[in-house]
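Visitor: Structure here, sequence nowhere to be found:
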């Protein structure tokens with residue numbers, strides 16, 4: 001096995017790390033949880049057009065979707081807590097344990113949604129139980145991101161770390177694609193629209209629970225990273241937070257580099273299904289197909305951009321996202337709203353992904369490269385979860401509220417402004433490929 005060296009934070013002493021015996025297998029297994037968790041998470045948005053009337057009886061479909069989006073955003077309040085809890089587990093007890101428990105929590109949350117009675121049966125308790133299930137999933141997602149990003153970065157070949165960690169978003173987008181495939185099969189082959197609205201919307205959440213159970217079994221034998229096993233000074237919960245506060249610049253960097261990227265990501269993934277359907281006016285079937293193929297395009301970009309970052313660095317890609325995103329977001333969304341052709345809508349979403357992938361493909365590795373091994377998972381997860389709660393989960397709510405007020409274009413300007421603020425961070429931060437807290441290239 002190839003030996004690499006990682007410095008121990010605060011000591012200057014080298015630690016010999018050995019390459020894992022089955023690196024690509026473990027990368028795929030480590031990434032698989034993202035597919036499962038984002039399948040469940042995206043299924044909520046993809047199927048909300050069918051179940052929202054059952055939980056929020058209202059004649060206005062925009063208000064129904066707004067209520068569903070509020071619950072979607074409310075789950076993000078749990079993500080910082082999930083980031084702290086699972087980050088602590090990953091840094092104190094191992095990346096494998098954290099990854100295993102997080103996917104188990106997603107399994108439970110998905111099953112809870114699948115069996116929740118509707119408003120007509122239990123009244124106001126129905127949306128409350130739905131919100132509880134989403135909060136559990138929010139806890140899971142808050143932990144999965146940090147532990148997964150840390151695991152993939154630590155197990156990756158240092159010379160190909162950008163490429164290997166890009167699979168986090170390949171599988172993440174793959175989860176969204178899987179949810180859409182399930183939606184298409186139910187729409188086109190197995191169920192009528194009436195059946196989908198009556199009970200068929202429960203099926204994808206049952207599928208999600210079984211996928212999570214499969215991943216749970218796969219992760220039981222996941223290889224634990226050498227960086228964790230040899231990390232010194234593993235700290236307790238309160239000690240972990242105190243140690244994190246000794247890295248204020250890095251914590252703020254995670255917030256700054258995440259804000260614009262997460263707002264763009266949630267706009268061009270979770271919100272696009274609703275936007276193309278309600279604002280552009282495409283039919284449900286056409287909307288699903290447009291979103292599906294745009295996500296295929298997005299997934300294909302991730303390893304290409306990740307590999308490019310291994311050659312030219314992380315910072316140029318982030319700056320590319322910031323510059324083009326600040327300039328092109330408003331024109332893309334404005335033209336898309338008036339587009340009548342599904343192909344034009346598809347091309348416009350793909351154009352947005354050309355710059356958004358500059359962030360998504362490498363954001364995990366950039367954050368992991370900021371922190372030493374002993375606090376890496378928490379350093380990535382906690383500030384990321386807080387930022388996603390503020391700028392990511394709220395994006396659909398802000399967009400729908402602007403639409404409800406009759407000023408949908410306000411959201412376009414808001415998104416471009418948040419991307420611009422992140423650009424200011426990209427311009428001033430160090431390139432973590434060149435100056436990394438992780439094992440150097442050898």
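Guide: Alright, I've got the coordinates. Please read these numbers as outputs of a predicted model, since none were measured by experiment.

Visitor: Give me the nearest residue to the residue most central in space within the chain, chain neighbours excluded.
Guide: For the chain, residue 172 is the residue whose C-alpha lies nearest the centre (Cα atoms, centre = their mean; 6.5 Å). Taking Cβ to Cβ, 6 or more residues apart in numbering, and ignoring the residues beside it in sequence, residue 172 has residue 34 as its nearest neighbour in space, at 4.3 Å. Bear in mind the C-beta positions are built from the backbone N, C-alpha and C, glycine included.

Visitor: I figured the one you found hits residue 175, correct?
Guide: Yes: using Cβ atoms under 8 Å, residue 34 is in contact with residue 175, at 6.4 Å.

Visitor: Compare these two (neighbour count), which wins?
Guide: The residue with more neighbours, out of residue 34 and residue 175, is residue 34; 28 against 24, by other Cβ atoms under 10 Å.

Visitor: In contact with the more buried one, which residues?
Guide: Applying Cβ atoms under 8 Å, 6 or more residues apart in numbering to residue 34 gives the contacts 144, 148, 168, 169, 171, 172, 174, 175.

Visitor: and it, how far is that from residue 378?
Guide: Distance of residue 34 to residue 378, given as Cβ to Cβ, to the nearest Å: 19 Å.

Visitor: go on, residue 309?
Guide: Taking Cβ to Cβ, one finds residue 309 at 24 Å from residue 378.

Visitor: for residue 29, same thing?
Guide: Distance, residue 29 to residue 378, using Cβ to Cβ: 22 Å.

Visitor: likewise residue 266?
Guide: Using Cβ to Cβ, one gets 23 Å for the distance from residue 266 to residue 378.

Visitor: go on, residue 389?
Guide: Distance from residue 389 to residue 378, by Cβ to Cβ: 16 Å.

Visitor: Residue 180 now?
Guide: According to Cβ to Cβ, residue 180 stands 33 Å off from residue 378.

Visitor: okay, the two: which has more neighbours?
Guide: A side-by-side neighbour count of residue 180 and residue 378, using other Cβ under 10 Å, places residue 378 first with 29 against 23.

Visitor: Is the more buried one located within a strand, as I assumed?
Guide: No: assigned with DSSP: H, G, I helix; E, B strand; the rest coil, residue 378 falls outside any strand and is helix.

Visitor: per-residue confidence at it?
Guide: Note on residue 378: pLDDT of 88.

Visitor: what residues are up against it?
Guide: Residues in contact with residue 378, defined by Cβ under 8 Å, 6+ apart, are 83, 84, 87, 88, 90, 91, 146, 240, 244.

Visitor: Please repeat the previous calculation with a cut-off of 10 Å.
Guide: Contacts were defined as Cβ atoms under 10 Å, 6 or more residues apart in numbering; by that measure residue 378 touches 83-92, 146-147, 150, 235, 237, 240-241, 243-244, 371.

Visitor: and what of residue 203?
Guide: By Cβ under 10 Å, 6+ apart, the contact set of residue 203 is 43, 47, 114, 182, 183, 185, 186, 190, 191, 196.

Visitor: From what I see, residue 362 and residue 319 are in contact.
Guide: No: taking contacts as Cβ atoms under 10 Å, residue 362 lies outside contact range of residue 319: 11.8 Å.

Visitor: More neighbours: these two, which one.
Guide: A side-by-side neighbour count of residue 362 and residue 319, using other Cβ under 10 Å, places residue 362 first with 33 against 15.

Visitor: and that one, what are its phi and psi?
Guide: Dihedral angles of residue 362 (phi, psi; degrees, to the nearest 10) stand at phi -130, psi 0.

Visitor: what sits against it?
Guide: 161-163, 165-166, 169, 257, 261, 302, 305-306, 308-310, 313-315, 317-318, 321, 369, 432-433.

Visitor: Buried ones only from these, please, as a PyMOL command.
Guide: In PyMOL syntax, the buried subset of the contacts of residue 362 is picked out as below (16 or more other Cβ atoms under 10 Å):
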select buried, resi 161+162+163+165+166+169+257+261+302+305+306+308+309+310+313+314+315+317+318+321+369+432+433
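
Visitor: Name the residues of the helix or strand where residue 98 lies that are buried.
Guide: Taking DSSP states H and E as the criterion, residue 98 maps to helix 95-115. Buried residues in helix 95-115, counting neighbours by 16+ other Cβ under 10 Å, are found at 95-107, 109-114.

Visitor: now stretch 123-135
Guide: For stretch 123-135, burial by neighbour count (16+ other Cβ under 10 Å) applies to 126, 127, 129, 130, 131, 132, 133, 134, 135.

Visitor: ok, the fifth one touching residue 56?
Guide: No: under the contact definition of Cβ under 10 Å, residue 131 does not touch residue 56, with a separation of 11.7 Å.

Visitor: Which neighbours do the two have in common?
Guide: Common contacts of residue 131 and residue 56 (Cβ under 10 Å, 6+ apart): 70, 71.

Visitor: pLDDT below threshold where in the protein?
Guide: Low-confidence segments of the chain, defined by pLDDT under 70: 1-22, 58-60, 62-63, 65, 72-74, 231-239, 439-442.

Visitor: which residue ranges form the strands in it?
Guide: 3-7, 14-18 (DSSP state E).

Visitor: ok so, going back, among the contacts of residue 378, the buried ones, what's the PyMOL command?
Guide: The PyMOL selection below is limited to those of the contacts of residue 378 classed as buried (16+ other Cβ under 10 Å):
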select buried, resi 83+84+85+86+87+88+89+90+91+92+146+147+150+235+240+243+244+371
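
Visitor: just checking, which of the contacts of residue 378 belong to helices?
Guide: Among the contacts of residue 378, the residues falling in helices (DSSP state H) are 83-92, 146-147, 150, 237, 240-241, 243-244.

Visitor: Run a quick neighbour tally on residue 406.
Guide: Residues near residue 406, counting by other Cβ under 10 Å, number 7.

Visitor: any idea where the helices of the stretch 151-300 of the chain begin and end?
Guide: Secondary structure of the stretch 151-300 of the chain (DSSP state H, counting those that start in this stretch): helices at 161-165, 167-185, 193-198, 203-219, 226-229, 237-244, 248-268, 270-275, 284-312.

Visitor: export those to CSV and tack on distance to residue 343?
Guide: Shown next, in CSV, are these (distance: least, Cβ to Cβ, whole Å):
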stretch, distance to residue 343
helix 161-165, 31
helix 167-185, 18
helix 193-198, 25
helix 203-219, 27
helix 226-229, 46
helix 237-244, 48
helix 248-268, 17
helix 270-275, 15
helix 284-312, 8
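
Visitor: Out of those, which gets nearest to residue 39?
Guide: Among these, helix 167-185 comes nearest to residue 39, with 3.7 Å by Cβ to Cβ.

Visitor: Summarise which helices and strands that closest one is packed against.
Guide: Counting contacts by 3 or more Cβ pairs under 10 Å, 6 or more residues apart in numbering; DSSP states H and E, helix 167-185 is packed against helix 23-46, helix 125-155, helix 203-219, helix 248-268, helix 270-275, helix 284-312, helix 342-360, helix 363-368.
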